[in-house]
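[1] With the sequence up front, the predicted model follows.
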Amino acid sequence: MKQKYKIELVEEYENVNFYSIHLDGEELTEMEAFFEKFPVGCEYDDEIDVIISWIDKIAEKGALERYFRPEGRYGDGVGVIPIDVGNKVRLYCLRLSDKILVFGNGGVKDATTWEESEELAPYVKLLIDTSRFIASRISDGSIVLVDKEIVGNLNFTHYEKE
Amino acid sequence: MRKSSILENRRRQVNPEIRESVDLSFQIVDRIHEILIEKGLKQKDLAMLLGKKEAEISRWMRGTHNFTIDTLVTIERALQAPILQVIHQEEVMA
């Protein structure tokens, strides 16, 4: 299945910019779609509160590597927001630098590993592919990371195995 | 500066206690990081000093860990440096 998407700026701060994947035909970015899945009053309120509090600290301090929990595959920069309460909800992101984070989607952990989860695996795979696409475009010069900004062609096509 | 209205709406409803816990956890891990840098140590050295796996120390250092007093005392002893300080009433008044 072919999926077109772009990377879009969602929030700007003094030390860091938050981007997110925006799938073609969808109203919301993946980060916003994630939060819409967990309305206030849902059973995961505390975990969502931790995720937002953590995101706000990252906004203040920058996306330093030591704050991230690696997920995905070694060296691809894909991480999951670390939470210590309940520890069931997963929000995935791609850390491009101390100043640039790209958020994907996430959900409730329903398997031992993300690879075994039908719901979560596509979100992680999309970020792994995005990491690969960006690395390739950085090496050919069609994307440049300038301070907090990703400059260049931010439209992508992802092919998902049926 | 750009902000997401969906996130902004959800932010306003975050439980202040959870926000303060995460804030304190960040302060603690930043202080531990500062001590490690000052002493020329890495997280794996702290793991060795505590007899823990490096993965467990990394998990503590991400800013959302709920540290127990026992853990903090163990880290302070291992690094021979203070992490948390209790404020007394005279200091509050001052």
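    The structure has been received and is ready for your questions. Numbering: from 1, shown residues only, chains lettered A, B, ... in the order given.
[2] got the contact list for residue A:11?
    A:17-18, A:59, B:1-4, B:7 (C-beta atoms under 8 Å, 6 or more residues apart in numbering or on different chains). Glycine gets a C-beta too; all of them are placed from N, C-alpha and C.
[3] Can you tell me the SS state at residue 6?
    No chain was given, so I picked chain A. What DSSP: H, G, I helix; E, B strand; the rest coil gives for residue A:6 is strand.
[4] which one of the contacts of residue A:11 has the most neighbours?
    residue A:18 (25 neighbours; other C-beta atoms under 10 Å in any protein chain shown).
[5] where does chain A have its least confident helix or strand?
    Across the helices and strands of chain A, mean pLDDT, DSSP states H and E gives its lowest value to strand A:78-80, namely a mean of 79.
[6] So which elements touch that strand?
    strand A:69-70, strand A:89-97, helix A:121-140 (3 or more C-beta pairs under 8 Å, 6 or more residues apart in numbering or on different chains; DSSP states H and E).
[7] Tell me the buried residues in that strand?
    For strand A:78-80, a neighbour-count test (16 or more other C-beta atoms under 10 Å in any protein chain shown) marks A:78-80 as buried.
[8] so where's chain A shaky on pLDDT?
    Applying pLDDT under 70 to chain A flags the ranges A:72, A:74-75, A:84-85, A:161-162.
[9] Which elements pack onto the top helix by length along chain B?
    As assigned by DSSP state H, the longest helix anywhere in chain B is helix B:16-38. Where contact means 3+ C-beta pairs under 8 Å, 6+ apart, helix B:16-38 is packed against helix A:45-61, helix B:43-50, helix B:69-79.
[10] how does it look with 6 Å?
    Packing partners of helix B:16-38 (3 or more C-beta pairs under 6 Å, 6 or more residues apart in numbering or on different chains; DSSP states H and E): helix A:45-61.
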